[in-house]
Structure formats: C-alpha cells, structure tokens
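Engineer: what follows is a predicted protein model with its sequence.
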Amino acid sequence: MTYPENLRYTKEHEWVAVDGDTGTVGITFHAQKELGDIVYVDLPKAGSAVEAGKTFGSVESVKAVSDIYSPVTGEVVEVNSLLADSPEKLNEDPHGDAWLVKIKLSNPGELGGLMNAGDYTAYLGE
Amino acid sequence: MPKSLGKIRPHLTQDEQLLFEMSSPGKKGYQLPELDVPAVDAAAALGAGNVRAGIEDFPEVSEVEVIRHFTRLSTWNYGIDLGLFPLGSCTMKYNPRINEAVARTEGLAWAHPYQPEELSQGAMEIAAVLEQHLGEIFGMDAVTLQPAAGAHGEYTGIMLVRAYLAAQGNPRKKVLVPDSAHGTNPATASIAGYEVETLKSNEQGMVDPAVLAAAVNEDVAALMVTNPNTVGVFEENIVQIAGILHEKGAQIYMDGANLNALVGLARPGDFGVDVLHSNLHKTFSTPHGGGGPGAGAVGVKKHLEPFLPVPRLKRIGEMWSWDYDRPQSIGRVRAFYGNFGVLVRALAYMQAHGGPGLKNATIDALLNANYIRARLEEHYQIAYNAKSMHECVFSDERQEKQGVRTGDIAKRLIDYGFHPYTVSFPMIVHGALMIEPTETEPKQELDAFCDAMIAIAKEIEANPELVKTAPHMTRTSRVDEVTAARKPRVRWTR
Amino acid sequence: MLDACGLNSLEDLYNHLPEAALLDRPLEIPAGLSEFEIADYFKQQGARNANGYASFLGAGVYSHYRPVLCDVVVSRGEFLTSYTPYQAEFAQGTLTSIFEFQTMLCQLTGMEVANASMYDGSTAVPEAAMMSSRINGRHRFLAARNLHPEYREVLATAARNAQMQVEEFGYDAKTGRIDMDSLVAKLDGTVSCVIVQSPNFFGVIEDLEAVAAEAKKHGALLVAVFTEAVSLGLLEPPKAADIVVGELQSFAISPSYGGPFAGVMATKEKYMRQIPGRLVGETKDHDGNRAFCLTLSTREQHIRREKATSNICTNQALIALMATVFMSVYGKQGLRELAEQNLAKAHYLADGLERPFSGPFFNEFVATPKGGTPEAANAGLLKKKIIGGLPLGRWYPELKGSMLLCATEMNQRADLDAVKEALR
C-alpha cells in the first residue's frame, strides 16, 4: 500500500487533506484493514466543535469499536452521508469516497505536528 | 458408506418456518375454562380508546405445531447434555436434574413474594442456609443473594465499596482493573460512577505488585481482580496485593467467575478480599439456559455488611423475617428477594456434594484442565508458563502462520462435535483459545476433545482452507454476521 | 491422568498456592445427600410455605395458569444446558426462538425493536433511564409515584451511583392516575424522561398519549412500564412511548418467591443502537440459507468495556423461551380471551366494594375494607385458606386503610365471593 502524498497522518491512523481553511478527515487504509469489515460509523453532526487529539466518533466492525481522534481543531461543516447506509465503503475507498467529515480549521498550525506519507509508512513499519 | 468425523455422524434435521409463517387465522393451541362470572364489555368498562384491535401478525398455531416447532428448533442447538462444552471462564458443568425437580416443588414455585412471612418460612429458610454455605465457601462474614446475575453482583459489590468509602468521608474516584479482566468489570465500575484505570499485567499474566503500588493512591476506591485470573492462573501475590490496597484505604473486589477453581481449597476472605460476587450458574451448576437466568450472590467482610442491599433476613425467635430497617444500606438492587428459583438449584447442588464432595469437584476440575494442557501443549502455544488452575489458555500464534486464527479453529471444532472454547479472550493473549473443561468430563470425553484439537492442528498444516471455511458438518454453515450488523433486521415483518 | 500431567499427587495441582491462601480444614458443610433426601428436604421446606391457598395478590407478580408445554420445552437439554448463542452455527435453536420473542414483543408493545430480555421489570427501569440519558444527554428523571414502589427503589439505588437525579410526581387522589399538574410543574428542558406505569401500581390504566404529549413539549422521552403482561392482550399498546419496559412474569413464569423473571425492553428503530442487552438479527449463512446471530454486539460490555451501554451480559434466555412458548400456545385469539377473563373476574370482585379510585382498571384495583383494617380482613380470609390483598400502608401512608387486590383466570367465583364478603 502506498499512502497518498497529499494527506497528513496521525498516530491513531486518521488522515487529513487540507484545501484552503477546510480539512477533510478520514481513517487510513491500515485502520480499516485492522478493523476488518466495517459495519457502522458514528459521526458528529455538522456544527459540532472538534478538538485535535480528542475523539469525535467511532468506527465499528462486528466485534470491535475504534474511536476516531480528530487530527485538527475546528468546526464540522459537512458529514459524509454515504457512510450511514454504506459503511462498507470505508473498506473499499478509505482515502477517497469514504472520507468522514470536513472541518473548518481554527488552528492550521496544528498540521505541522502530523506525519507525511513517508513518516506514516515508516511508523507503520515499526 | 459410513460418514463420520470425530464423534459426529450426519443426522436428520428438519427445516422449520417461523411461527408467524405457519400461522393462520382461527388455529389455536389453548383452552380456557368456562367463565364463571358475567363477561364484561371491555370497551364499556375501560373506554373504547383503551381497548386495542387484534394484535397484528401475532401467531395463531395449534398445540402440536407448538411442540414440533420448539422441538425442531432445539435440535439445532448444542448443550452440555450433548457433550463437552469447554468455554473458558464460563464453567459449563453438568446441570443436575434434581435441581430442576426441586425448584418446581409446589410450595416453592408458587410462593408469592408478598405472601405473609409466616407462610414463607420454607423459602426464607432455604435462602438463609444458602447464605450460610456461601459465606463458608467464600470465607466471608455476610452474603446477599439479591443480585440477578454476575454483572449485577459486581455492580452491587462496587456500590457497597462506594457506600463504605463515602461513609468514611470520601467515595474516591477511580477503580483499577487489570487488562486481563472480563469486560463487565470496567463497564460496572463506570456505571457505578467511577473512572476506570487499566493495569498492565506482567509477563506471567498476573497483576504486578510494583505496577499496582505505583497506581494506588487516595483516589483509588478499589481493585477489581479475578482470581484465578482470566488466563487460569492463581494470583500468587494476592496477599501482598490486598496489603497494598488496604494500606491506602482502598478495597479489593474479587470477580468470582473462576471460583470453581477454589471451592474447598482456598477462600477469598482468607487471602484478603473485602467483597466478591459468585455466579451461581457457573460454580454451583444452575443451568445457563442459553444465556440466563443466573444469580450473582455477593459476599462481604464485616465492615461492608451494614451497606448490603435491603431487605436482609433476620431471625426473630423461631421465625425468619425480612428486615427493611437498614439505614446504611445501598438500597434495593431489584424487586423482591433475588432469583429464588436459581438459589434453590444452587443449594440442591451443594447438598448433593456436601463439603467434601465440593472440594473433590474442585480438584477434578483442576486435574481435567491440566490434563488438556499437557496433551495440547505440544500442538498449541501455551500463553503463559505459570501453572494452570481450572482452565488453560493457548495462543494461536503457531496456527496464524498458516493464516488460521482462533475463531477458525473454534468453527472447525464444531465439526468434530464440540462446543468451541472461549475465543479471543482474554485480550492480552494474542488470538486466545481459553479452555475450561470443568470436573464434569470423564477422561474419554477429554481425550476425544484433545484428539479433535490435535487433528485440527494437523489439518492446519496440510490444508488450512478446510479450517478457515469451517464448519462443514453443521446444518447452518458460517453465518454472515457482517450483513446482520450492517442492515440490522431484528424482528419479523410481513 | 496425573502421569500425563507430570504430577505425583492431586495435591500437586494446588500446592503452589500461597500458604496463607490455602484452607487448612474441611468446609463446614454437611456431607452429601442422596437424591431422595434432597427432594425430601425441599418438599419439607415447600410445606412450610403457603400450600393450597387461593391468592388475590398481584402487585408485580401474578398467578396465571402455566400451559404444560412451557415446562416441556424448557426442560429439553438442548435449551436448558446451552450457553449464550455466540457460536451461531449450532445455536440456531436459541437464536431463532429469541428472534420470535423479539418479534412478538414488538407486536404486543407497538414498538419496532425489542431486545432479548433483561433481568426483570424492576432492573429494566434504571436501564431505560440510562438509555434515555444517552439519547438526549440529560440527567434528570421524573418517576410517577404510582410506579411500583420497589421499581422506584431500584431506580433510586442506581441513580445515587450514576449521579442521575430522580424526582417523583404525584397521583390524583380521585382517579388513581398520575396527577398531570404535578408532572407539568416539574417538566422542563432538563428532564430526560418521564417514567409512567400502565396499568399503574393501583391497577389503573393511564392516558399515555397525554403524558407523551406533555413530555414532548420539553424534548423529554416517555418510558412506559408494565408489570402485568396479560393486559397487553386487551389494552391499547403503549405506542406513544419512546421506550417500553416491563415484566413478563405473567407469561408462564412461576411466582417462585420473586424470581427468576424476565424483563422487557423495547423501543423505536431510531434508538436501536442505544438499547442495552442482547439483540438477535436475521442474516444468511454461507450457503444462502436464513440464519440468525447476535448482532450490534459492539454496544455491549465485552467489546466496549467501560464505554458500554450497560454492564449487563445476561439475558433471561430460558425464561424468555418459556414466555415465547406461552405466547405461541395462547396466540392472537387466546391472549385476548385470557385478558377478557381477567377483566371479568376483577370487575366481578370489585363490584360493590369500596374503591378510592375511579380510573379504569384491568385485573387489579385498590379496595378499602369497611369497618376494619386490611390486615384484619386478611386475617379472616387466611382462616378460609385465602390470601387476601396487599395492604398499601407500607408504601402509601395515605392508603393505609386500603389494599391492592388482583383477580385472574385462576380465581374461582366462590373465592371471589368470600373476599367480597370479608371486605363489605
């Protein structure tokens, strides 16, 4: 698996892609693979405040639950409606169609603390 | 041509519709007596708005259809009556039928909880004797029989700790739980209003006294410890562990799920435990019944007794009475007085064994587990080298090299005619296989089980796919749990 | 076997335990008894309890006839001695019957999701309160004073530990229904749910739709409670509720001095992920056959640990199975006929008695004996081998002159007449 260069990664296996002042957040290929078949995704409502390093939702397989930690601080501006009915998309396209939320960044400086694709790949290899 | 595998041969199983699908209007399986008082017009008596139309889609079937339906369904199940049921930490032992018979004794089964106390003395006496026996087995000063199940007993126990500490001026904030604990422990501590702090086990799967000592301070209310723990090992430092907690004014709570390893040999009250629960449906043979009912008696040391739930049994002269006047009590944890029918069964079990017999059963349970361990150790990786008590825990790390995990081995075991062991628990073991045979099993059944496990280990070497796609001998093949969870369908609709 | 284990003696199995832990004496429990002696012991204890009495006690535990098939089915070892159906491939019997149970409970209560059962009705109440709290994030609960007193006590115990705030609201002294003014005065935007029993502890049927409407104005949920499941055969189901909890003891479960029983928890589909306890779902096996399995398990303690919806891991599977057989035997028509018989018996009994409450009742009601205390009336009845009603003064000082009477299909006319005579 090659991890996209345009994303920034967390140690808890989330990614964020930044466009202007908005960050799109998802979970990584590695995260979905560890969980196995994903059956449910619990996400915050648009308008909720999220904080970097704090959980804002969870992803469930049949026998495991994994918290999702926000890579950035800000306000949720959009939630991916695709996942409510088709959680399996998270297994199929975790870095693309199956993004979780879009967040309006209130502290873009935080991005500096995240890993790039190379660092993340090395982190997974440890 | 004979088709067989282990103790399995194909057998006729009938297909069966759901009750709703076999229903048709006018079929009935009941008969009520003639009404001996005037009939009442429901709409007139209750108001038309309070009376329902018919219960939509509720089944209408005949008596013979009912008995066939449930008999057919029963043949799709597996139970202890059919063979070894080695679920670790679940203590699936034989459920003696005398227990069932005595629980149906007229004066016991039909006793109403609010009938006068003078007409309930037999029931109260049974509860009193059971409390006394359990206190003796636990090494505890007082026992409550009120909790409905193990987790309910845990909840009661942690509430007792909280009430006791609160009476000393500070209920404290945290409960410590080892990472090997059953999930009910942290869940219980949390609903009882405590923060949960997880303790990392040492390389033997035990609580590490140094790790514990570093974690215990004036914020810690209690440690919840299972002993023997979930890897089937006796916590060898238990006396020291209790000392560390007591020194800081904290309590030690024991989850008695594995008490079957201790009855008659060692008593939690003697090794420092302040409060414990025991699952009567495990150690004391009351049937699991496909998931309940159980009962979760709680034993406590003297200092916790004033806080026990109401009501308590009290002796007044020659009579038993219920005492509600307990000002320090945590209150009521359920309606009435506990799962009395389950208590009757547990007492019958104790009477059948007697004191010496209970100890013998414990020793047999230890022997059976150690025998399985000895026979399988060559084929499966034992999780920890420490001596096993009533269960042994392996890891699937050898089989994983062939891509086969503990869940697959479990499914293949079904093909050989055994219920699987406990799968993937405790979580501190990589791909756990947790095996508890109990004292029930004769050597022949243990050998048949070990033979099946060894055959599966060999199959994994030769043909892992066979195991990964198991079971093959059941009428229902591997069930799609993913679709069930993605698109939950939890009731029948037309 | 010792040889295979590499041990010399049985003591080697446990002599590694610390000496301080080992018990150095035999247990002080008498030696084992034969089957005959055990049966005899329990027969003797049973004989010290009430035997051969007609009973008019209800109050959460009801005497109903138990069809023979119920015991026949639950005595089958495949049900009796099986475990929680985690291994779906050969637990389809238990799983299928639970799916039928869940369906029938939905049909009876008018809800869309019912779990595989709870410990009992009383413990289901705090579970419903906690569920309500998860749904709307509020921690204040209003419970009716005519909710079963022991259920209220269980709720109070749970609340003390979970920092939930429970307040009670009163009942109308004329009708025996909840006092709507008392409820409305306490309702505001901080209330998570309103908990109301119907038929209530006094046997009176509540107007749940009106309660739901008031609750809804403040964003609070309605938790409807029932203790007499037979009433569901005749009464309008509690559709207005968001969560329904109750006790199934009436469905073939012997009174057994208060347990084991089975609790019910049902709700609307939108709250499915907040419901505690086990749930069975329909799916297919690898070959495309219909199959059932436990589902949405991530709500539960064995996966979510301290974040679980509840610490419960037991359901009352065998008891629920008994109730399922009961519901199958009576069916659509029988359950209604059974309920109508209960209604007729109770109304015959009530006719001519002094009753403090005017609200409509099913098979229980409050009566005030003329010219004597409830205790005195009961003492007279006991001489005729009749256990009378439950004196209410223990929980309701203002009703200390009254008793709660219940009549079911099991009570015969001669006994009904004897009770009427004693109270008039």
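Structural biologist: Perfect, I can see it now. Numbers count the residues shown, from 1 in each chain, chains lettered A, B, ... in the order given.
Engineer: quick one: the helix or strand bottoming out on mean pLDDT in chain B near chain A?
Structural biologist: Within chain B, no helix or strand scores below helix B:184-191, which has a mean of 92 by mean pLDDT, DSSP states H and E. No: Helix B:184-191 stays clear of chain A (Cβ under 8 Å from any Cβ of the partner chain), getting no nearer than 13.1 Å. Backbone N, C-alpha and C define where each C-beta goes, glycine included.
Engineer: next, the buried residues of that helix.
Structural biologist: Burial within helix B:184-191, assessed by neighbour count using 16 or more other Cβ atoms under 10 Å in any protein chain shown, is assigned to B:184-191.
Engineer: which pair of those residues spans the longest distance?
Structural biologist: B:Asn185 and B:Ile191 (11.4 Å; Cβ to Cβ).
Engineer: near B:Gln17, how many other residues are there?
Structural biologist: Look at B:Gln17: counted by other Cβ atoms under 10 Å in any protein chain shown, it has 12 neighbours.
Engineer: just B:Asn217 next, same as before
Structural biologist: B:Asn217: 13 neighbours (other Cβ under 10 Å).
Engineer: can you check the one 4 residues further on too?
Structural biologist: Burial of B:Ala221 is recorded as 28 neighbouring residues (other Cβ under 10 Å).
Engineer: same check on the one 10 residues further on?
Structural biologist: For B:Val231, the tally of surrounding residues (other Cβ under 10 Å) stands at 26.
Engineer: got the contact list for it?
Structural biologist: Counting by Cβ atoms under 8 Å, 6 or more residues apart in numbering or on different chains, B:Val231 touches B:180, B:205, B:383-384, B:386, B:393, B:426, B:428-429.
Engineer: from B:Val429, how far out is it?
Structural biologist: For B:Val231, the distance to B:Val429 (Cβ to Cβ, to the nearest Å) stands at 7 Å.
Engineer: got any residues that touch both of the two?
Structural biologist: B:205, B:383, B:393.
Engineer: just among those, which is most surrounded?
Structural biologist: Ranked by neighbour count (other Cβ under 10 Å), the shared contacts of B:Val231 and B:Val429 have B:Val393 at the top, with 30 neighbours.
Engineer: confirm that residue sits in a helix?
Structural biologist: No: per DSSP: H, G, I helix; E, B strand; the rest coil, B:Val393 lies outside any helix segment and is strand.
Engineer: so B:Gly417 sits against B:Pro10, correct?
Structural biologist: No: under the criterion of Cβ atoms under 8 Å, B:Gly417 makes no contact with B:Pro10, lying 11.7 Å away.
Engineer: what about these two, which has more around it?
Structural biologist: For B:Gly417 and B:Pro10, the more surrounded residue by other Cβ under 10 Å is B:Gly417, and the numbers stand at 21 against 10.
Engineer: ok, the more buried one to B:Thr474 distance?
Structural biologist: From B:Gly417 over to B:Thr474 the distance is 10 Å, taken as Cβ to Cβ.
Engineer: who are the packing partners of the helix or strand hosting C:Ile303?
Structural biologist: Assigned by DSSP states H and E, C:Ile303 falls within helix C:301-304. Under the contact definition 3 or more Cβ pairs under 8 Å, 6 or more residues apart in numbering or on different chains; DSSP states H and E, helix C:301-304 sits against helix B:184-191.
Engineer: now the helices: where do they sit in chain C?
Structural biologist: C:2-5, C:35-48, C:68-74, C:77-80, C:92-109, C:121-136, C:149-162, C:180-186, C:208-217, C:301-304, C:317-350, C:374-383, C:413-423 (DSSP state H).
Engineer: what separates the longest one from the chain centre, distance-wise?
Structural biologist: Going back to what we said before, that points to helix C:317-350. Mean-position distance between helix C:317-350 and its chain equals 15 Å (Cα atoms, centre = their mean, to the nearest Å).
Engineer: got the angle between it and helix C:413-423?
Structural biologist: 60 degrees (axes from the mean of the first three to the mean of the last three Cα atoms, to 10 degrees).
Engineer: and helix C:317-350, what does it pack against?
Structural biologist: Contacts defined by 3+ Cβ pairs under 8 Å, 6+ apart place helix C:317-350 against helix B:42-46, helix B:63-74, helix C:68-74, helix C:77-80, helix C:92-109, strand C:364-367, strand C:403-406, helix C:413-423.
Engineer: tell me the angle of the last one relative to helix C:374-383?
Structural biologist: Yep, that's helix C:413-423 we're talking about. Going by the same axes, to 10 degrees, helix C:413-423 makes 140 degrees with helix C:374-383.
Engineer: and helix C:413-423, C-alpha only, in CSV?
Structural biologist: Below are the C-alpha coordinates for helix C:413-423, written out as CSV (Å, rounded to 0.1, in the frame of the first residue of the first chain):
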residue,chain,number,x,y,z
ARG,C,413,-66.2,-17.5,41.9
ALA,C,414,-66.6,-19.0,45.4
ASP,C,415,-63.3,-17.4,46.5
LEU,C,416,-64.2,-14.1,44.8
ASP,C,417,-67.4,-14.1,46.8
ALA,C,418,-65.6,-14.9,50.0
VAL,C,419,-63.3,-11.9,49.5
LYS,C,420,-66.2,-9.6,48.7
GLU,C,421,-68.0,-10.8,51.8
ALA,C,422,-64.9,-10.1,54.0
LEU,C,423,-64.5,-6.6,52.7
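Engineer: that one vs chain B: in contact?
Structural biologist: Yes: using Cβ under 8 Å from any Cβ, helix C:413-423 reaches chain B at C:413, C:416.
Engineer: for that helix, name the packing helices and strands.
Structural biologist: Helix C:413-423 packs on helix C:317-350, helix C:374-383, strand C:386-387, going by 3+ Cβ pairs under 8 Å, 6+ apart.
Engineer: for C:Lys420, see how far away the nearest residue to C:Leu423 once chain neighbours are set aside is.
Structural biologist: Spatially, and ignoring its direct neighbours in sequence, C:Leu423 is nearest to C:Pro369 (4.4 Å; Cβ to Cβ, 6 or more residues apart in numbering or on different chains). Spatial separation of C:Pro369 from C:Lys420 under the definition Cβ to Cβ is 11 Å.
Engineer: surely the residue nearest to C:Leu423 meets C:Ala376?
Structural biologist: Yes: C:Pro369 is within contact range of C:Ala376, at 7.4 Å (criterion: Cβ under 8 Å).
Engineer: contacting residues around B:Leu376?
Structural biologist: Contacts of B:Leu376 by Cβ under 8 Å, 6+ apart are B:392, B:394, B:435, B:450, B:453-454.
Engineer: buried subset of those residues?
Structural biologist: So, by 16+ other Cβ under 10 Å, the buried ones in the contacts of B:Leu376 are B:392, B:394, B:435, B:450, B:453.
Engineer: enumerate every residue touching the third one.
Structural biologist: Read it as B:Ile435. B:86, B:88, B:369, B:372, B:376, B:391-394, B:421-422.
Engineer: tell me the one of the residues you listed nearest chain A?
Structural biologist: B:Thr422 (13.3 Å; Cβ to the nearest Cβ).
Engineer: the closest one bridge partners, please.
Structural biologist: B:Met434 (DSSP bridges).
Engineer: what sits against it?
Structural biologist: Contacts of B:Thr422 by Cβ under 8 Å, 6+ apart are B:87-90, B:432-436.
Engineer: and for B:Glu131?
Structural biologist: Counting by Cβ under 8 Å, 6+ apart, B:Glu131 has contacts B:142-145, B:297, B:313.
Engineer: if I look at it, how far off is chain C?
Structural biologist: 13 Å (Cβ to the nearest Cβ, to the nearest Å).
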